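Chemist: Build me a model from this:
(chains A and B)
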Amino acid sequence: MSEERSLNFLEEIIEDDIRNGKNGGRVLTRFPPEPNGYLHIGHAKSICLNFGIAAKYNGKTNLRFDDTNPTTEDVEYVDSIKKDIQWLGFVWDKELYSSDYFAQLYDFAVELIKHGLAYVEDGSAEEIAFAKGTPTEPGKPTPSRSRSAEENLQLFKEMKEGKYPDGARVLRAKIDLASPNMHLRDPLMYRIKHAYHHRTGDQWCIYPMYDFAHGQSDSIEEITHSICTLEFVPHRPLYEWFIQKLNNFPSKQYEFARLNMNYTVMSKRKLLQLVNENYVSGWDDPRMPTISGLRRRGYTPLSIRNFSERIGIARRENLIDLSLLEFCIREDLNKNAWRRMVVLDPLKLIISNYPEGQTELMEGENNPEMEKGDGFRNIPFSSELWIERDDFMEEPSKKYFRLGPGLMVRLKHAYIVRCDSFVKDASGNVSEVHCTYIPESRSGTDSSGIHVKGTIHWVSAQAAQKAEIRLYDRLFRVEDPGSEDGDFKDYINPDSLTVISKAFIEPDLLNAESGRAYQFIRKGYFSLDSDSKPGKPVFNRTVTLKDTWAKESQK
RNA sequence: UGCCCGAUAGUAUAAUGGUAGUACGACUGUUUUUGGUGCAGUUUGUCUAGGUUCGAAUCCUGGUCGGGCAACCA
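Modeler: Sure, this is the predicted structure:
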């Protein structure tokens, strides 16, 4: 794809490793989601990184569900995650689950206990936290810490056998209660949870914690490069401690900065709130930064992969401009979307010298960016048309290239018309624009010699069909809702969704296919929503076209 | 204020001791039957103070600023 691009720091590490013959030049990464929510664009960055880097170096990528917390996880999420990864265009090598390793992880824990490197703790969560000290004060051992290996073995077995209620005991690694790194102050390895697990059912009542399970799962799979986000940097010494003490395969952890994007939120917790409290219609609401939301909105896998490539990989905090994502989707859709004409805010245009009741079929290319226009469709033309309300101005400004008294425009794929007069309704709004057309100016066979600056889209009033159009804007009013005072939900953009219940669409659009992108000429890119019914299409606006006139007209 | 991570145009990201470049954005111009696209161009940057060096964005030291860490979450 981008042979010229310089290497990011992870690629440099990998090329170094390959050069040094580390792991025999083998590269195996993994994408390790916890199935407790839907994937978002930040995960897409990680997916593209993990799968992309493996592919680049002839390696493979495992999909491993980090399912060690039965109370938050569900198969619904497993299914959606798999669907999203496939949709993005990636193929994993093995589909694995941390829960597949529960027996092996238990054995590892037993081994650590035998070596005096882990112990069963009797204290409550509060007592443990208190005894851990603070970042500036060392922790103190709890009474449980000095227990013998034999006793620990027995107690751990009993924990597993369900002899104790939730919270009664935990297993801790015996490391260093005075470590300046809080994660090394005898971290928890196992807790008791009498909970049904979506894969192991009621087989287990003790579940391993992330720090223990994740690294050993990497090790079991012989992952060579375990790539995660920056908040795990302080966990790395612990990651290495477990692997070293157990003498397991030396997977290495590397960290990069997670994606942040302005005007949205990216944490699962916040996204879950938006869903649960009905600020959005669901995980796949087109305003959500989830993969499923972007998909429904009309984003393409390619655009998201290109975006991931363009934002780069580094270790510094970042806040990516939404405009880059929009650039990426426009770039793709401009090349591939079929052009159609749709009037969102209609105004009647009457051509006084065109025979009433006559219909003419105009030819419109599907896509001017493609060879031979990617085919054509017919567009009925008649004496009464709908045009966009803002394509007429009663008192046009100097730089306004559209319709106004005495002004001429081209009707896209049809004739040039001149505005002769207009009619206002009782409340003073323009209700009709009256024009005359230039018969010899028909598109393709124009011999009029007239050059006009503006071209506008239109739909025949007689042949027009109706559709619901949903316009989306940024979900939040502020760049970084999470960093504002108070609740992030206070900053939701009240105009993030505008529904146009009756827009006029050209008849061919009744054949719109879901999964195909359409450019409504001069209005933006749209795709068919899953709420559509036969004869009652619903379109989502994926993104607007760049609009330099909107800026100009505001000056 | 214990430990850790980071700081290059508005936003990202390169330059790996030797000419600070690229993309997005913004702004010009040009092309155009989409005020879209394309094309051409302009604009703006190495957090700070020292040090090492012929030469520092890069190495060292201090400072400043930002982020992370004390869940029976991952």
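
Chemist: So A:Q462 is in contact with A:T359, correct?
Modeler: Yes. Counting by CB atoms under 8 Å, A:Q462 touches A:T359, with 7.0 Å between them. Placement of C-beta: from N, CA and C, glycine included.

Chemist: A:Y119 looks like it's in a strand, true?
Modeler: Yes. Applying DSSP: H, G, I helix; E, B strand; the rest coil, one finds A:Y119 inside a strand.

Chemist: bridging residues for it?
Modeler: A:R172 (DSSP bridges).

Chemist: neighbours of it, just the number please.
Modeler: 27 (other CB atoms under 10 Å).

Chemist: From A:H214, how far out is it?
Modeler: 21 Å (CB to CB, to the nearest Å).

Chemist: returning to what we had before: could you check which of A:Q462 and A:T359 is surrounded by more residues?
Modeler: Neighbour count, other CB under 10 Å: between A:Q462 and A:T359, A:Q462 has more, with 15 against 12.

Chemist: residues touching the closest residue to the more buried one other than its chain neighbours, list them.
Modeler: Take A:Q462 and drop its neighbours on the chain: the residue closest to it by CB to CB, 6 or more residues apart in numbering is A:S382, 4.7 Å away. Counting by CB atoms under 8 Å, 6 or more residues apart in numbering, A:S382 touches A:354, A:357-360, A:460-463.

Chemist: List only those of the residues you listed flagged as buried.
Modeler: Neighbour counting by 16 or more other CB atoms under 10 Å classes A:354, A:460-461, A:463 among the contacts of A:S382 as buried.

Chemist: contacting residues for the residue nearest to A:A314 when sequence neighbours are not counted?
Modeler: Nearest in space to A:A314, with sequence neighbours left out and distances taken as CB to CB, 6+ apart, is A:A257 at 5.9 Å. By CB under 8 Å, 6+ apart, the contact set of A:A257 is A:229-230, A:313-318.

Chemist: ok, and of the residues you listed, which contact RNA strand B?
Modeler: Filtering the contacts of A:A257 for proximity to RNA strand B (criterion: CB under 7 Å from any atom of the strand) leaves A:230, A:313-318.

Chemist: hmm, which two among the residues you listed are most spread apart?
Modeler: Within the ones next to RNA strand B among the contacts of A:A257, two members stand farthest from each other by CB to CB: A:I313 and A:E317, at 13.3 Å.

Chemist: So for the two, which sits in the more crowded spot?
Modeler: In this view A:I313 and A:E317 are compared by other CB under 10 Å, and A:I313 has more residues nearby, 20 against 9.

Chemist: wait, the more buried one sits on A:F256?
Modeler: Yes. If you go by CB under 8 Å, A:I313 and A:F256 touch, sitting 5.1 Å apart.

Chemist: rewinding a little: who wins for neighbours among the ones next to RNA strand B among the contacts of A:A257?
Modeler: Of all the ones next to RNA strand B among the contacts of A:A257, the highest neighbour tally under other CB under 10 Å goes to A:I313, namely 20 neighbours.

Chemist: That residue: helix or strand, and which one exactly?
Modeler: Here A:I313, judged by DSSP states H and E, is contained in no helix and no strand.

Chemist: Could you measure from the closest residue to it other than its chain neighbours over to RNA strand B?
Modeler: Ranked by CB to CB, 6+ apart and with sequence neighbours excluded, the top spatial neighbour of A:I313 is A:N8, at 4.1 Å. Separation of A:N8 from RNA strand B (CB to the nearest atom of the strand, to the nearest Å): 4 Å.

Chemist: Same question for A:R185.
Modeler: 7 Å.

Chemist: swap in A:P138?
Modeler: Look at A:P138 and RNA strand B: by CB to the nearest atom of the strand, they are 9 Å apart.

Chemist: now the contacts of A:S382 as a markdown table including secondary structure and pLDDT?
Modeler: As requested, the contacts of A:S382 are exported to a markdown table (DSSP: H, G, I helix; E, B strand; the rest coil; pLDDT from 0 to 100):
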| residue | secondary structure | pLDDT |
| --- | --- | --- |
| A:Y354 | coil | 97 |
| A:G357 | coil | 93 |
| A:Q358 | coil | 96 |
| A:T359 | coil | 96 |
| A:E360 | strand | 96 |
| A:S460 | strand | 98 |
| A:A461 | coil | 97 |
| A:Q462 | coil | 96 |
| A:A463 | coil | 97 |
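
Chemist: Good, we can wrap up now.
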